[in-house]
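Participant: structure, please.
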Amino acid sequence: MISTTWAVLYVAVLAAFAGYEVIRRVPVLLHTPLMSGSNFIHGIVLVGAMFALGTATTLPEQILGFVAVVMGAMNVTGGYVVTERILEIFDRSKAKKGPP
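Facilitator: Below is the predicted model of the structure:
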């Protein structure tokens, strides 16, 4: 049990450092496509959280599954809102029209 906990903690810390280094080195021009791809992955995470909630049998599992679904939904929604706002900056059809 303890060795499994240490292994999980090790993998989580390693993933955090690797993710930070990868994101830090992404050029500014690629941030919008990267956000699009990460929104897709967050959608898959949300489906996994819903599956975990659906198969939960004890109260702590149900609470943890519910929290995971809520946080996953907030993450997906926020990602799409941010991506939409970024894409509006580069929308050329609005820029050509000018003020009304």
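
Participant: the residue nearest the centre of the chain: which element?
Facilitator: Taking C-alpha atoms, centre = their mean as the criterion, His42 is the residue nearest the geometric centre of the chain, at 4.1 Å. Assigned by DSSP states H and E, His42 belongs to helix 31-55.

Participant: what residues does the strand or helix carrying Phe17 touch?
Facilitator: Assigned by DSSP H and E, Phe17 falls within helix 2-24. Helix 2-24 is contacted from outside by Leu34, using C-beta atoms under 8 Å, 6 or more residues apart in numbering. (Each C-beta comes from the backbone N, C-alpha and C, glycine too.)

Participant: how far does the longest helix belonging to the chain sit from the chain's center?
Facilitator: Taking DSSP state H as the criterion, the chain has its longest helix at helix 59-89. The chain centroid and the centroid of helix 59-89 are separated by 7 Å under C-alpha atoms, centre = their mean, to the nearest Å.

Participant: tell me which other helices or strands it touches.
Facilitator: Contact analysis of helix 59-89 by 3 or more C-beta pairs under 8 Å, 6 or more residues apart in numbering; DSSP states H and E lists helix 31-55 as its packing neighbours.

Participant: can you give me the buried ones in the helix it packs on?
Facilitator: Buried residues in helix 31-55, defined by neighbour count with 16 or more other C-beta atoms under 10 Å: Asn39, His42, Gly43, Leu46, Ala49, Ala52, Leu53.

Participant: ok, the first one to Ala7 distance?
Facilitator: What it means is Asn39. Distance from Asn39 to Ala7, counting by C-beta to C-beta, to the nearest Å: 30 Å.

Participant: so the helix holding Phe17 versus helix 31-55, what angle?
Facilitator: With axes from the mean of the first three to the mean of the last three C-alpha atoms, to 10 degrees defining the directions, helix 2-24 sits at 150 degrees from helix 31-55.

Participant: check contacts around the residue nearest to the centre of the chain.
Facilitator: Gly72, Asn75, Val76, Gly79.

Participant: let's have those residues in CSV, adding distance to Ile23 and neighbour count.
Facilitator: CSV is the format used below for the contacts of His42 (distance: C-beta to C-beta, whole Å; neighbours: other C-beta atoms under 10 Å):
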residue, distance to Ile23, neighbour count
Gly72, 20, 19
Asn75, 15, 17
Val76, 18, 19
Gly79, 14, 18
